[in-house]
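Colleague: any chance you could fold what I've pasted below:
(chains A and B)
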Amino acid sequence: RKEVEQDPGPFNVPEGATVAFNCTYSNSASQSFFWYRQDCRKEPKLLMSVYSSGNEDGRFTAQLNRASQYISLLIRDSKLSDSATYLCVVNPQGGKLIFGQGTELSVKP
Amino acid sequence: EPEVTQTPSHQVTQMGQEVILRCVPISNHLYFYWYRQILGQKVEFLVSFYNNEISEKSEIFDDQFSVERPDGSNFTLKIRSTKLEDSAMYFCASSEAVGETQYFGPGTRLLVL
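Modeller: Numbers count the residues shown, from 1 in each chain, chains lettered A, B, ... in the order given. Predicted structure coming up:
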């Protein structure tokens, strides 16, 4: 099983759509969880951390299910500027980040 | 807003040559990292560095790689004898503490010919 596994993409959605990304991780002792976004040929940028209680930041909602080792990201009312690759990232312990392959999102007018 | 910077943005080198990639982490951060991303693949951890020594390294980080903090601001990655398969984007990152958010620099695109 891959350390961090994400939905295969690409997701092509119209503006205003709601889109959900899923991610599973293999190390049950993992301590920190994040969603990063990466624009083409750019660095990963933190979108949001993911907390056990779930958290929301504007149009973005992240959920964590430790029992199922599952992380999700929901984007509501998607904008053209949301087009990017979304990276599920896990910190098993220590400082090392483990990245998923990423899911590409394309929002069309 | 403080940010991680990296130089050069692009580097082209011949196989077997040494390259040094440079990074200036965010000034109050204590933990530094290097990652790489081969074109079309996922971001991969190389090494973490704290208190002037390596904290953790991956299998990729073999004897041809080394890291150094030569002064109070720079953090470098040296590849001693580059191989074709070292061609990738190399990202530096830093964080205030272990497990905290890591902020990434814009990357150095390395091409080995």
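
Colleague: name the residues of chain A found near chain B, please.
Modeller: A:31-32, A:34, A:38, A:41-46, A:49, A:87, A:91, A:94-102 (CB under 8 Å from any CB of the partner chain). The C-beta positions use only the backbone N, C-alpha and C, and glycine is treated the same way.

Colleague: now these: which count as buried?
Modeller: A:32, A:34, A:38, A:43-44, A:49, A:87, A:91, A:95-102 (16 or more other CB atoms under 10 Å in any protein chain shown).

Colleague: so which of those residues sits lowest on pLDDT?
Modeller: Checked by pLDDT, these have residue A:95 as the lowest-scoring entry (86).

Colleague: part of a helix, is that one?
Modeller: No: residue state for residue A:95 (DSSP: H, G, I helix; E, B strand; the rest coil) corresponds to coil; a helix is not indicated.

Colleague: tell me where chain A has strands.
Modeller: With DSSP state E as the criterion, chain A has strands at A:4-6, A:11-14, A:19-25, A:32-38, A:44-49, A:55-57, A:60-65, A:70-75, A:84-91, A:98-99, A:103-108.

Colleague: gap between residue B:44 and residue B:54?
Modeller: For residue B:44, the distance to residue B:54 (CB to CB, to the nearest Å) stands at 16 Å.

Colleague: which one of the two has more residues nearby?
Modeller: Neighbours were counted for residue B:44 and for residue B:54 using other CB atoms under 10 Å in any protein chain shown; residue B:44 has more, 18 against 12.

Colleague: confidence score at that one?
Modeller: Taking residue B:44 on its own, its pLDDT is 97.

Colleague: quick check: which element contains it?
Modeller: strand B:43-50 (DSSP states H and E).

Colleague: quick one, that strand and strand A:32-38 angle?
Modeller: 120 degrees (axes from the mean of the first three to the mean of the last three CA atoms, to 10 degrees).

Colleague: what's the local residue count around residue A:50?
Modeller: By the criterion of other CB under 10 Å, residue A:50 has 23 neighbours.

Colleague: what's the distance between it and residue A:99?
Modeller: 14 Å.

Colleague: state the distance from the residue sitting nearest the centre point of chain B to chain A.
Modeller: Nearest to the mean C-alpha position of chain B, counting by CA atoms, centre = their mean, stands residue B:34 at 3.3 Å. The gap separating residue B:34 from chain A is 11 Å, by CB to the nearest CB, to the nearest Å.

Colleague: contacts only, for that residue.
Modeller: The contact partners of residue B:34, taken as CB atoms under 8 Å, 6 or more residues apart in numbering or on different chains, are B:21, B:23, B:46, B:47, B:67, B:77, B:90, B:91, B:92, B:93.

Colleague: and it, how far is that from residue A:86?
Modeller: 23 Å.

Colleague: hang on, residue A:54 packs against residue A:64?
Modeller: Yes: at 7.0 Å, residue A:54 counts as touching residue A:64 under the criterion of CB atoms under 8 Å.

Colleague: before we move on, the earlier item: and the contacts of residue B:34, which is closest to residue B:105?
Modeller: Nearest to residue B:105 out of the contacts of residue B:34 is residue B:92 (CB to CB; 4.5 Å).
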